[in-house]
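In: Have a look; sequence and predicted model below, questions after that.
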Amino acid sequence: MNHPNTPIRIVADDREEAGGVIAELRARVDVALEVRRLPVGDFLVEDRFAVERKTLADFSCSVVDARLFKQAAALVKGSRRAVLILEGTTADLGGGGVSRESLQGALITVSVFFGLVVLRARDAAETARLLVYLGRQAQQFARGSFPRPGYRPKGKRARQLFVLQGLPGVGPERAARLLERFGSVQAVTAASADELAEVDGFGEITATRIRWAVGEAPGPDGNEL
């Protein structure tokens, strides 16, 4: 099980060195970066997502020479979820000679028919942030921090933990600590901020947010936290 502070594992294709994203990732302390040749895609995130990065100018060229669709087909054949990041603004397209309708048609093809998730970024720095966000949420999902569609916990303890995870800043591990310390959901909601802050892994801010959420006290400024 990943700890909340576990670095995001990202593998970057060595041909992306000049793109600026690798430099951004190297500067981050929350990323465990490996640079090597990848057979498909430009980045692997948490070994779960194969990410193809394209500047808008390259996207336009790849539509013309049909390279885009070959790359999309290769991505979706793999075992990892395929993601396409389009980087840049419309000003970067210049006079590429490709109509807006052709670009929109290409996006429909790769997203709807090939099934690629398409994300947008303004520049290399934002692309790097998207990769980190993707990795962090992948870790959270693996820990069960995101609700699963149709999930219905079975058993009293499972239901109690499920309810507690609805509190601000409370994931599976913190929910278990709260239940161990107080014994019931009712006791947790009745606990003071000072009592909540004494639980391992909690602090004053999280305790105050929980107290606000259960309606006993407002946030420090009297507003929603």
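Out: Happy to help now that I have it. Numbers count the residues shown, from 1 in each chain.
In: now the helices for this protein?
Out: In the chain, helices defined by DSSP state H lie at 21-26, 56-64, 67-77, 100-108, 124-142, 156-164, 172-182, 185-190, 193-197, 204-213, listed in chain order.
In: can you tell me which of those helices comes nearest to residue 50?
Out: helix 67-77 (5.5 Å; Cβ to Cβ). Just so you know, the C-beta spots here come from the backbone N, C-alpha and C atoms, and that holds for glycine as well.
In: ok, and for that closest one, which residues are buried?
Out: 68-69, 71-72, 75-76 (16 or more other Cβ atoms under 10 Å).
In: Repeat that for stretch 47-58.
Out: 48-56, 58.
In: Pull the most distant pair out of those.
Out: 48 and 56, at 26.2 Å, using Cβ to Cβ across these.
In: Residue ranges of each domain in this protein, please.
Out: As recorded under automatic domain parsing, the domains making up the chain are 8-142, 156-213.
In: what sits against the residue in the chain sticking out farthest from the centre?
Out: Largest separation from the mean C-alpha position in the chain: residue 97, at 34.7 Å (Cα atoms, centre = their mean). Residue 97 is in contact with residue 64, counting by Cβ atoms under 8 Å, 6 or more residues apart in numbering.
In: Relative to residue 174, how far out is it?
Out: 55 Å (Cβ to Cβ, to the nearest Å).
In: sorry, back to before: least reliable of the domains of the chain going by mean pLDDT?
Out: Mean pLDDT is lowest for domain 156-213 out of those, coming in at a mean of 86.
In: hang on, the earlier thing: tell me which of the buried residues of stretch 47-58 fall in strands.
Out: Using DSSP state E, the subset of those located in strands is 49-55.
In: Distance to residue 41 added to those, as a markdown table?
Out: Listed next are these as a markdown table, based on distance: Cβ to Cβ, whole Å:
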| residue | distance to residue 41 |
| --- | --- |
| 49 | 9 |
| 50 | 4 |
| 51 | 6 |
| 52 | 5 |
| 53 | 9 |
| 54 | 11 |
| 55 | 15 |
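In: Need the buried residues of helix 67-77 in a markdown table (columns: distance to residue 188).
Out: Output for the buried residues of helix 67-77, formatted as a markdown table (distance: Cβ to Cβ, whole Å):
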| residue | distance to residue 188 |
| --- | --- |
| 68 | 52 |
| 69 | 53 |
| 71 | 50 |
| 72 | 48 |
| 75 | 45 |
| 76 | 45 |
